[in-house]
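>>> I'd like to go over a predicted model; first the sequence, then the structure.
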Amino acid sequence: MAQKSIYLFLLLLLLISCSSKEENDVYTPTPASLKIPELFQQKIIAPVIPTNNPLTVEGIALGKKLFFDPILSKDNTQSCASCHNPKRAFTDETRFSDGVDGQFGTRNSMPLFNLAWNYDERFMWDGKQLSIERQAFAPVRNPIEMHSNWVDVAKKLQEHTEYPTLFQQAFRTSKIDSTLVTKAIAQFERTLISGNSKFDQYLLGKTQLTPEELNGFNVFSDETKGDCFHCHGSNNNPLWTDNKFHNNGLDATFTDLGLGAVTGDPNDNGRFKTPSLRNLKFTAPYMHDGRFTTLEEVINHYSEGLKYSPTIDPLMKKVNQGGVQLSSKDKADLKAFLLSLSDNDFINNTDFQQ
């Protein structure tokens, strides 16, 4: 009898062990890596991938599903994609986006691409969020955006027919909380890479620029003309942003303090994140408050519209003259160059669409 009991006990342990091993085998996430463009590999250092949120096939797929799902909002009407449309390089066409209650914010929706190369990991126009995961956390609770709370969102996801299984596959647990939701969304957002514009192809020797585009690039790079490269980079920086914060002479006085409201340092008042110049063809209107509807208006601002304030960036060297005073031809050619940084493959990539 004792031997039979021991035998049955050992058999039970074996079955539990096999069952546990089988479950772990089934739900082991598949490691994934980013598709890094050739110029990025040549010219900049590796992207930022947190050790506590490695990329997996299952995590990216889950993040994509969550990004497009209005279940994250209070009344199930608004998703992340409502304000970050893939066809518009993950922004929208309005100056300010409206939330589930019809209220409007005070800043333009930022486009989303090449986020994994933001080495300082300060996100949003004012740098308030210190990782992609934290940035993804905020809109759910924001009363003028999704206007929900994470307890209700987690409950809806937990009761969903698909999500518990998807979380099990992505994170080896079916217990859903805000940390895992934002980790999944962040994984998907890190895959949003734009690096195949006409200018990229030119740098790789695969196409030619027009004379206008070439002159526009020279205007962009010339300190006596456009002098744009200090903040927006050059042919050696395929991000086309320094991911820093600058007061670019939009206002003499501020209704929005930008970075200054986050740091509490008055020297940061009026400083906002430098946006990438990629995909300008799709991302109008422009600036943190969407005040400019066309690229011509943006160029005119730097040419003749700079306004002095105590925190004006030293790089706005010709603020006393109102700007860099470009000729009509140089303005037109600068626009042609800027449009050559637009990436049609990015906005049509089915991996990034619902």
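Yes, it's here. Residues are numbered from 1 along each chain as shown.
>>> so how far is E58 from the residue sitting nearest the centre point of the chain?
Taking CA atoms, centre = their mean as the criterion, L112 is the residue nearest the geometric centre of the chain, at 2.9 Å. Counting by CB to CB, to the nearest Å, the gap from L112 to E58 is 21 Å. Any C-beta I mention is one placed from the backbone N, CA and C, and that applies to glycine too.
>>> moving C-terminal of the worst-scoring helix or strand of the chain on mean pLDDT, what's the next helix or strand?
One helix or strand of the chain scores below all others by mean pLDDT, DSSP states H and E: helix 2-26, with a mean of 49. Using DSSP states H and E, the next helix or strand after helix 2-26 towards the C-terminus is helix 38-43.
>>> With just CA atoms, put that following helix into PDB.
What follows is helix 38-43, C-alpha atoms only, in PDB (Å, rounded to 0.1, in the frame of the first residue of the first chain):
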ATOM      1  CA  GLU A  38      20.300  51.300 -43.400                       C
ATOM      2  CA  LEU A  39      21.000  55.000 -42.700                       C
ATOM      3  CA  PHE A  40      20.100  54.600 -39.000                       C
ATOM      4  CA  GLN A  41      22.500  51.700 -38.700                       C
ATOM      5  CA  GLN A  42      25.200  53.800 -40.400                       C
ATOM      6  CA  LYS A  43      24.800  57.100 -38.600                       C
END
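>>> Quick check, M110 in contact with F272.
No: the criterion here is CB atoms under 8 Å, and M110 misses it with F272 at 10.4 Å.
>>> Need the mean per-residue confidence for stretch 151-165.
In this model, stretch 151-165 carries a mean pLDDT of 97.
>>> which residue ranges form the helices in the stretch 201-350 of the chain?
Taking DSSP state H, counting those that start in this stretch, the helices of the stretch 201-350 of the chain run over residues 211-221, 229-232, 259-263, 295-304, 328-339, 344-347.
>>> what residues does the longest one touch?
Pointing back at helix 328-339 there. 199, 209-210, 212-217, 219-220, 225-226, 277, 280-281, 295-296, 299-300, 303, 326 (CB atoms under 8 Å, 6 or more residues apart in numbering).
>>> repeat that with 10 Å
197-199, 209-222, 225-226, 228, 232, 240, 277-281, 294-296, 298-300, 302-303, 324, 326-327 (CB atoms under 10 Å, 6 or more residues apart in numbering).
>>> List the buried residues for that helix?
Neighbour counts over helix 328-339 (16 or more other CB atoms under 10 Å) mark 330-339 as buried.
>>> And the closest residue to H246 other than its chain neighbours, what's its pLDDT?
Spatial nearest neighbour of H246, excluding adjacent residues (CB to CB, 6 or more residues apart in numbering): D313 at 4.4 Å. The score at D313 is 98. That number is its pLDDT.
>>> Isn't the residue nearest to the centre of the chain up against E189?
Yes: applying CB atoms under 10 Å, one finds L112 in contact with E189, separated by 5.9 Å.
>>> so what sits against both of those two?
Counting by CB under 10 Å, 6+ apart, the common neighbours of L112 and E189 are 67, 80, 84, 90, 123, 132, 135, 352.
>>> For the residues you listed, could you give me CSV that also reports secondary structure?
Shown next, in CSV, are the shared contacts of L112 and E189 (DSSP: H, G, I helix; E, B strand; the rest coil):
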residue, secondary structure
F67, helix
C80, helix
H84, coil
F90, coil
F123, strand
I132, helix
Q135, helix
F352, helix
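>>> From the residues you listed, pick the one nearest A252.
Nearest to A252 among those, counting by CB to CB, is F123 at 27.8 Å.
>>> pLDDT below threshold where in the chain?
Filtered on pLDDT under 70, the chain yields the residue ranges 1-26.
>>> and Q321, how many neighbours?
Residues lying near Q321 (other CB atoms under 10 Å) number 10.
>>> F352 now?
With neighbours defined by other CB under 10 Å, the count for F352 comes to 23.
>>> Leaving out chain neighbours, which residue sits closest to it?
Take F352 and drop its neighbours on the chain: the residue closest to it by CB to CB, 6+ apart is P86, 5.0 Å away.
>>> List the contacts of that neighbour.
Listed by CB under 10 Å, 6+ apart, the contact partners of P86 are 67-68, 112, 192, 282, 346-354.
>>> run the last query once more with 7 Å
Contact partners of P86, counting by CB atoms under 7 Å, 6 or more residues apart in numbering, are 347, 352-353.
>>> Okay, the spatially closest residue to F229 that is not a sequence neighbour and C228: tell me how far apart.
Nearest residue to F229 in three dimensions, chain neighbours excluded: S221, at 5.3 Å (CB to CB, 6+ apart). Applying CB to CB, the value for S221 to C228 is 8 Å.
>>> One more: P111?
P111 is 18 Å from C228, by CB to CB.
>>> Since that was my last question, I'll sign off now.
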